[in-house]
Structures are given as C-alpha cells and as structure tokens.
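A.B. asks: Build me a structure from this.
(2 chains)
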2 protein chains.
Amino acid sequence: MPQFLSTTDPDFEARFAAILSAKREDSPDVDHVVAEIIADVRTRGDAAVLELTAKFDRLDLTAQSMRFTPEEIAAECAKVDNADRAALQLAADRIRAYHSRQMPEDAQWTDPDGATLGWRWTPVSAAGLYVPGGTASYPSSVLMNAIPAKVAGVQRLAIVVPTPDGVTNPLVLMAAKIAGVDEIYRIGGAQAIAALAYGTETIAPVDKITGPGNAFVAAAKRRVFGKVGIDMIAGPSEILVIADKDNDPDWIALDLLSQAEHDASAQSILITDDAAFGQAVAAAVDKRLETLERRAIAGASWRDFGAIITVRDFDEAVRLSDRIAPEHLELCTADADALSAKITHAGAIFIGGWTPEAIGDYIGGPNHVLPTARSARFSSGLSVMDFIKRTTLSRMTPDALAAIGPAAERLAISESLEAHGLSVRARLDRLNRGEP
Amino acid sequence: MPQFLSTTDPDFEARFAAILSAKREDSPDVDHVVAEIIADVRTRGDAAVLELTAKFDRLDLTAQSMRFTPEEIAAECAKVDNADRAALQLAADRIRAYHSRQMPEDAQWTDPDGATLGWRWTPVSAAGLYVPGGTASYPSSVLMNAIPAKVAGVQRLAIVVPTPDGVTNPLVLMAAKIAGVDEIYRIGGAQAIAALAYGTETIAPVDKITGPGNAFVAAAKRRVFGKVGIDMIAGPSEILVIADKDNDPDWIALDLLSQAEHDASAQSILITDDAAFGQAVAAAVDKRLETLERRAIAGASWRDFGAIITVRDFDEAVRLSDRIAPEHLELCTADADALSAKITHAGAIFIGGWTPEAIGDYIGGPNHVLPTARSARFSSGLSVMDFIKRTTLSRMTPDALAAIGPAAERLAISESLEAHGLSVRARLDRLNRGEP
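C.D. replies: Prediction:
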C-alpha cells in the first residue's frame, strides 16, 4: 500500500517532509575498489582493462578485439527487426530535431566605450558514453546521450558497453549506428570509465563522459571528474502526476507504474483534488500489479515509496510539486497549460492526459536524462549544452582602455594585486605620453 | 628562471607534456575534518556554527549577530572611498550589461505530428555565495558571483564571509550592496557551507552555492554537492600569452606576472615566434620582480611553473594553446582576431595588446570565474546559466499520440518495460475504439 495523505491532515506537514527527505538509495561503498581499478588502468593501460574484463565479464578479449569492427556492427544490426529499426529511427529523428533547436548563438558587440565583447561556443572535442550491459541496457539511452553530443558537433564519440559472457544487445549497436557513434568498445565497469578518462594504448582519452551505470561506474565517474567532465550522477527515477477526477484511473495507474517498474527505489506520487479518484487510482494500480511482468519491482517501489496526496485545490498542488521538484511531472487537469506555467522546479513536464510520460522516455524529442532527487531545483536534463562550452571574448581599443582602465587599476590596488594594476597602468602611461 | 622551450627542440614533446601534466596543487586532505563539521552543523545548527566560528575565527557571535544588520552594512559602506565606490559601480554596471545578454530564450513549437514541444528557463530560488576573508577577500569576486545570480532572477542571495577577529572588509560589503545581495553572514569555513546547504535556525537553506575558498571550503562544497548545486572547484590561476615581437616586453611581462602574483601555484606561459622577444620578456619579468610587492609569490610561480615557448608560426601556437586549454588566453599578434577564431579550448580570450587580462578580472564585463587545470576542454566560466535551469515541455494531442505512440510502445517492449508500453497502449486503444 502506498501512503495516503491529505493536506487537511493535522500531521500532513511532518509526513510530507518525511517523503521529501526519504533516503531511497543505499549505494554500496565501492570507492576503495574503484580507486584501485582506476590506478591500475592508468598504470597498465590495455593490459589492466583486458584482465578486468576477463574477471568481471568472463570475456577474453585482446587489444584488437576490444573494439567492435564495422563488420561486427553490421552483423549485429542485421539481427534487428525492421519495426524496431523504424522505431529507433523515428525516435532518433525526433530527438535530433528537438536538440538541434538548443544550439545557442555566438554573440559579439561593441559597447559605447569602444570595448568589443562577446562569446563563442565550441564543442567538446571527444566524448565517451557509458552504456550498461545486461538488463538495464537501453537503446533509448544511447540515442538520448549520443544525439545531443553529435548535434553539438563532438567529433569523436566513443561508446563503452560491457558484453558479459560475450552477449551483445543488437538494438544498442543499432541505436549507436543511427546516432553516428564513432567507436564502440566491449568493456564496462570502472575500468571502462578509467580507460575513457586517461586513455590506453588502444583507446584515446575523451574530455567528457556521460551515461548511466551501476555503483562502480558512478563512483568511477565521481573520481575522474575534473580530469574530464561528467554528466550528473542520476538517482532512482521519479514521477509526480497531478490529476483531477476526469481522468481514466487506469491511465494514471499505468503512468505511475511506468516509473515504479524501473527500480524498487523509484518513487511515484499522485496529487489529486478528489480523494475518491485517488482511491480509484490505487485500486487500478493494484489490479495492474496482478499481471505486470515487473510486478515484483514495481510493487516494491509503490509499496515503499508511493504516495497519494489529496489537496484542496491545484494551487496547493503547485506548491507541493515545487517542493518535490520532480524529475517527471505529468499534469492531467482541465487547465494543464495554465498549471504548467505556474511550476518552477521540474525536470520535464508532460501536459494533458494524452501525454503519458513514456512518450518522453522514447520518442517525444526532449531528453530522458533528467535531474533526480530534488536536483531540478538547481539543474537541468541532458542537452546540447552538456557537450559545448563558452569562451568569452574581449577586445579593448586604446580609447576603451582609457575609459575603463583607471577603474580596473583602482580595484587592483584595493585588492593588493599590484601587477594587475601595473599591467593596465603601463598601457595608460603610453597613451598619456601621446604614443599610439 | 622559467623553462625555455622551442618546438624545434628534439625533446620538446616530452617537456611540453610534462608542463601539461604538472601537478601544481597540493591540497591537504581535510575531508575527514570537514565531514565532522558538516555533520555537527546538520545536528546542532546555529550552536555548532557559533562554536566553530569562536574556535576558527576567534569571534564570539550570537544567532542574532551572525547576520550583518542594514545599519552595520551602511556603516561599513560609509568607510569606502568615493573613487573605490565609483570603480565598483562601473564594474557592476559593465558586468550586469554583459551578463544580461546571456539570458536564453524559452521556446515552444508544434511539430508536423501535432506534438507541442519546448522548454522554459526558471531561476534557482535561493543561492549562497562564499567570500573568503583575509588576504584573498576580493570585492571583485562578489560582483562576479552575485551579479549573474541576480540577472538570472535568483530571489534570495545570501553571502557568507568570515571576519576573523572581527575584521571586516568594507569593500566586500559595498560590492554586496551594489550587487543587490539580500543577506550577509559573518561566518566562513566548512561550517558556513554546511549552514547554506542544510540550513540552521537562523539561516534558511539555499539551492546553489558558488564562490572560491580554501581547502576546507572546497572539500565542503564537494560533500554537499547533490544536496545543492555547486560551481566548479577552481584550481590555481593560469595565463597563456601568445605574442609576436612587436609588443612591449614590459607589457607582456606584467600580464604574465598578474597571474603569477595570485598564487605560488599559478602558471604563466608565453608563446612567441621570436626567441629573442622571449628573452626580452624574461628580462622584463626579472626586472619587475625586483620591486613587485608580491614578488615572493610571483617569483616562485614564475620560477616553478613559468615557461617561454618558441614556435615556428602561430598556427603551431594555436595547436599548443588548445592542448593547454588555458583559463586566460591573451593574443598579442598583428592578426589577433583571426587567431582568436582558430582557438577551440579557452576560458576567456583577450584580443590584442590593448587588452591586458586584468581588464577581465575587474571591469571588462565577462566573468572572471573561469575553468582552470585544462577544464576549458569541457567547461565554461561562471554565467547566468549557472543560476537557471531548464524544464522541458511536451504536449501530445490524440492525433500526435496516434502518430508516434506505436513506436514508443515498440521500444518499451524491446526494453522489457511493459508498463511504459501499456501507458501508451491504453490511450491508443481508446482512440481505436473511436472514443475522443
């Protein structure tokens, strides 16, 4: 049973605060092991990666066979069903169209003092994408990570994907091919992150690493951060649905379950202004849980972290939603657009009952890599911005320096940074002497 | 003596690689102490902060006197010289004008399938800014951190600034007032970071923390990351100057020294196509080091980490510069604009001999918080973007869902996420039944 709350309950605030601060994840402490693996790969390169792959993935590779050849990729892609291929292609096209609009503009202008200022965006040169093997090997994640990188203009995009016991997911290779990935390696774990960050004889180092992974991968990403850029460390998935009684309870139940089925630590919350509707959704969830393939996982998530909250009105719902800062927010109310405009903190908003969150996981166009664990208060989902960086530009003329230089000199002196001040003063002195 | 290199030297590549990988910073391991301080502040709130402030800053405060009152701020600001005030105001105006241009646009469009997509930018609600006390207490840093936050629309901006033995820097308070900071607290160290991240009885928690600090502050920021957002962890400052022989060697020497004087771990590098000019700059540096106030620091930096590299031509300089990915890049050549366009990785570029880097530290307009330690390969300087986040928006119509929903269902099934597929299928089934 999920929790049932109402904002009219006397203990509501305490119970809601408990939901907000619930620790849903118990990451094993693998930091020490990961530190050793990274040091080993830095020292011994390919040899270390190959040994660790033999040990963890039960797979004997050579420096040569670490990387998928074009023929191997083609052979795997040939196994993909036409309908799956078409679905991946449609998803890729839509994701590319959405992310292409995110490219920001360069700017340059000259201000009244004669200073020319601006900025220029440039892509990261090389990026690496971690793709989990086994049950959480999602081709959709390949598209969601690789396409923004390619739209950004990343020249070299390498994927690492473990193939335990040699088992490959053809859809992952198909997605990589559609997305334009340049290199694919059959390695995983902390050793793959280390190889991408520091390079080996076979794998050139990259500048940025993105993509989901297990506790070892997450710990390795934290450790190489600084040497390379990383994306966020994602927590368990979350959905908040705000719905009125004019919805089909089964639709809302399925939307809640579509996050719950990801992970026993996932969290699905319904906020409604109608307690009876909340009960109807709970009943629909229970009915679906009788037959759902992943009912063990989804059931545990719903039981341990699910909640149904009854509010007085939807303005109250907005305030609660902003405190949750949900990864996914579904608005199934009559005035969903107006409600959306009132929301401040959310990773992605799905507006209206015809927009199940699953559309956003696969095919809508926006990215499905989104801030979890309330971090939508201060961060955004993956985008083209994660694969570009900005260089600021300044150009002074002698007149511009004469106009604003004295203030810079003054501030440098006030901060006891004499050379800063002198570097301006030496130039102003030449101007004062009338030299050009 | 700095290192002298030439790209024609047989051992150039090895020596250049050594410069790239030189470890310039020896951070003390304070992580254990910091973890205890954070835990203490989380448990005991104000009481812990007050005790730690008495211990580390030799300052007895109460919950009441932790925060500067408007009267105290006014009294400190009254001590500021008119010329300093005017310089700060000019800097603030120029920084605000530059950063105001960074605000990105919201977007919304309807695609041919009838799906309405887009995104919306919203500010972080509350931000905290760490300002060091003592010798590294820079009013310019207050402006550079606070103004982007205010331009972004951050409603509540709190500063923490330690005042060891009760000593306050009036210019810091003046800068805070000019920038529109809302709250200023007389606390510092890891305890101040913990108070901002978790809140105390007196200090409400924030969502994002930026600003420089010592090893304790940096370790605390790393630890609270995830609970709140943080800016980058800055390393020692760096400058790369690319200059031809038509420059005044003394100007270039001062530009190199203006980074070297920051920190004995700072790094200043000159690349020139004229070895004799390189020697002339080295001589000018030595001459300035005879009298410079901070000659002990600047001299150590120049001796240990300084380098003068002679290249065959400036295209070679561009390639070396991109491998360095400098925080600050000064281009003092005849064709500086053209050279700038060839650079891919740099935090900030200063174009032409009339643009000393110090202009960018204070008054140019662009931010002086920039990526160090080669991280300009994958990250950008501080900007309005650090204080806003993007929510993606999707709205399907029944027709749009009919057009793209089947592909989403197909991909969900291929990933064994049944509820995802069913959440789409349930809606498609109603459409197929002809219900609206």
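A.B. asks: Just the element for A:Glu330, please.
C.D. replies: Take DSSP states H and E as the rule and A:Glu330 turns out to sit in strand A:328-332.
A.B. asks: residues contacting A:Val424?
C.D. replies: A:Leu401, A:Gly405, A:Pro406, A:Ala408, A:Glu409, A:Ala412, B:Pro356, B:Ala358, B:Ile359 (Cβ atoms under 8 Å, 6 or more residues apart in numbering or on different chains). Using the backbone N, CA and C atoms, a C-beta is placed for each residue, glycine as well.
A.B. asks: cool, A:Met66 as well?
C.D. replies: A:Met66 makes contact with A:Asp46, A:Val49, A:Leu50, A:Thr53, A:Tyr185, A:Arg186, A:Ile187, A:Thr202, A:Ile203, according to Cβ under 8 Å, 6+ apart.
A.B. asks: In helices, which of those appear?
C.D. replies: Secondary structure defined by DSSP state H assigns A:Asp46, A:Val49, A:Leu50, A:Thr53 of the contacts of A:Met66 to helices.
A.B. asks: Now do the same for the residue most central in space within chain A: helix, strand or coil?
C.D. replies: Centroid-nearest residue in chain A: A:Val369, 3.5 Å away (criterion: Cα atoms, centre = their mean). Using DSSP: H, G, I helix; E, B strand; the rest coil, the structure places A:Val369 in coil.
A.B. asks: And it, how far from chain B?
C.D. replies: In this structure, A:Val369 and chain B are 11 Å apart, going by Cβ to the nearest Cβ, to the nearest Å.
A.B. asks: List the contacts of the closest residue to that residue other than its chain neighbours.
C.D. replies: Spatial nearest neighbour of A:Val369, excluding adjacent residues (Cβ to Cβ, 6 or more residues apart in numbering or on different chains): A:Leu382 at 3.7 Å. When contacts are counted by Cβ under 8 Å, 6+ apart, A:Leu382 touches A:Met144, A:Asn145, A:Pro148, A:Thr210, A:Asp231, A:Met232, A:Asn367, A:Val369, A:Leu370.
A.B. asks: please redo it, this time with the cut-off set to 10 Å
C.D. replies: A:Leu382 sits next to A:99, A:144-145, A:148-149, A:210-211, A:231-232, A:234, A:366-371 when contact means Cβ atoms under 10 Å, 6 or more residues apart in numbering or on different chains.
A.B. asks: Provide the strand pairings for the strand holding A:Glu330, with the direction of each partner.
C.D. replies: The strands that strand A:328-332 pairs with in its sheet are strand A:238-243 (parallel), strand A:348-351 (parallel) (by DSSP bridges).
A.B. asks: Can you tell me which of the contacts of A:Leu382 is closest to chain B?
C.D. replies: Relative to chain B, the closest of these is A:Pro366; by Cβ to the nearest Cβ it sits at 3.7 Å.
A.B. asks: Identify all residues paired with A:Leu331 through a beta bridge.
C.D. replies: Bridge pairing for A:Leu331 - DSSP bridges - gives A:Ile242, A:Ile351.
A.B. asks: In contact with it, which residues?
C.D. replies: For A:Leu331, the set of contacting residues under the criterion of Cβ under 10 Å, 6+ apart consists of A:240-244, A:314, A:317-318, A:321, A:337-340, A:342-343, A:346, A:349-353, A:355, B:395.
A.B. asks: one more time with 8 Å
C.D. replies: Here A:Leu331 is in contact with A:Ile242, A:Leu339, A:Ser340, A:Ile349, A:Phe350, A:Ile351, A:Gly352 (criterion: Cβ under 8 Å, 6+ apart).
A.B. asks: For A:Ala17, the count of nearby residues, please.
C.D. replies: One way to gauge burial is a neighbour count; for A:Ala17, by other Cβ atoms under 10 Å in any protein chain shown, it gives 11.
A.B. asks: ok, now how distant is it from B:Arg156?
C.D. replies: Counting by Cβ to Cβ, to the nearest Å, the gap between A:Ala17 and B:Arg156 amounts to 20 Å.
A.B. asks: Would you mind naming what in the stretch 51-200 of chain A lies close to chain B?
C.D. replies: If contacts are counted using Cβ under 8 Å from any Cβ of the partner chain, the residues of the stretch 51-200 of chain A sitting beside chain B are A:83-84, A:86-88, A:90-91, A:94, A:97-98, A:101-102, A:104, A:107, A:109, A:111, A:115-117, A:119, A:122, A:124-125, A:135, A:138-140, A:171.
A.B. asks: how near is A:Gly114 to chain B?
C.D. replies: Using Cβ to the nearest Cβ, we find A:Gly114 at a distance of 10 Å from chain B.
A.B. asks: can you check A:Val384 too?
C.D. replies: From A:Val384 across to chain B, the span is 11 Å (Cβ to the nearest Cβ).
A.B. asks: Could you do A:Ala336 as well?
C.D. replies: Distance from A:Ala336 to chain B, counting by Cβ to the nearest Cβ: 8 Å.
A.B. asks: swap in A:Ala266?
C.D. replies: Look at A:Ala266 and chain B: by Cβ to the nearest Cβ, they are 11 Å apart.
A.B. asks: Over to A:Asp60?
C.D. replies: A:Asp60 sits 29 Å away from chain B when distances are taken as Cβ to the nearest Cβ.
A.B. asks: Leaving aside the residues adjacent along the chain, what's closest to that residue?
C.D. replies: Computed as Cβ to Cβ, 6+ apart, the closest residue to A:Asp60 that is not its neighbour in sequence is A:Ala54, at 5.5 Å.
A.B. asks: Go ahead and confirm the one you found touches A:Ala47.
C.D. replies: No. Judged on Cβ atoms under 8 Å, A:Ala54 makes no contact with A:Ala47 at a distance of 10.9 Å.
A.B. asks: and the worst-scoring helix or strand of chain A on mean pLDDT, anywhere near chain B?
C.D. replies: Within chain A, judged by mean pLDDT, DSSP states H and E, the helix or strand with the poorest mean is helix A:215-224; its value is a mean of 91. No. Against chain B, helix A:215-224 shows no contacts by Cβ under 8 Å from any Cβ, the least distance being 9.2 Å.
A.B. asks: before we move on, the earlier item: put together JSON lines for the strands paired with strand A:328-332, with mean pLDDT on each row.
C.D. replies: Output for the strands paired with strand A:328-332, formatted as JSON lines (pLDDT from 0 to 100):
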{"stretch": "strand A:238-243", "mean pLDDT": "98"}
{"stretch": "strand A:348-351", "mean pLDDT": "98"}
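A.B. asks: In three-state terms, label the residue of the stretch 151-300 of chain A found nearest chain B for me.
C.D. replies: For the stretch 151-300 of chain A, the residue closest to chain B is A:Gly229, as judged by Cβ to the nearest Cβ, at 3.4 Å. Per three-state DSSP, the local secondary structure of A:Gly229 is strand.
A.B. asks: Give me the contact list for stretch A:215-230.
C.D. replies: Residues outside stretch A:215-230 that contact it (Cβ under 8 Å, 6+ apart): A:27-28, A:30-31, A:33-35, A:37-38, A:124, A:128, A:130, A:132, A:188-190, A:192-194, A:196-198, A:205-210, A:213, A:233, A:386, B:233, B:373, B:375, B:377-379.
A.B. asks: For it, could you pull out the residues that count as buried?
C.D. replies: A:215-230 (16 or more other Cβ atoms under 10 Å in any protein chain shown).
A.B. asks: Stretch A:247-267: how far from the chain's middle?
C.D. replies: In terms of Cα atoms, centre = their mean, to the nearest Å, the gap separating the centre of stretch A:247-267 from the centre of its chain is 21 Å.
A.B. asks: likewise stretch A:340-354?
C.D. replies: Distance of stretch A:340-354 from its chain centroid, counting by Cα atoms, centre = their mean, is 18 Å.
A.B. asks: List the buried residues in the top helix by length along chain A.
C.D. replies: Across chain A, the helix with the greatest residue count (assigned by DSSP H) is helix A:82-100. When neighbours are counted by 16+ other Cβ under 10 Å, the buried residues of helix A:82-100 are found to be A:84-85, A:87-88, A:90-92, A:94-99.
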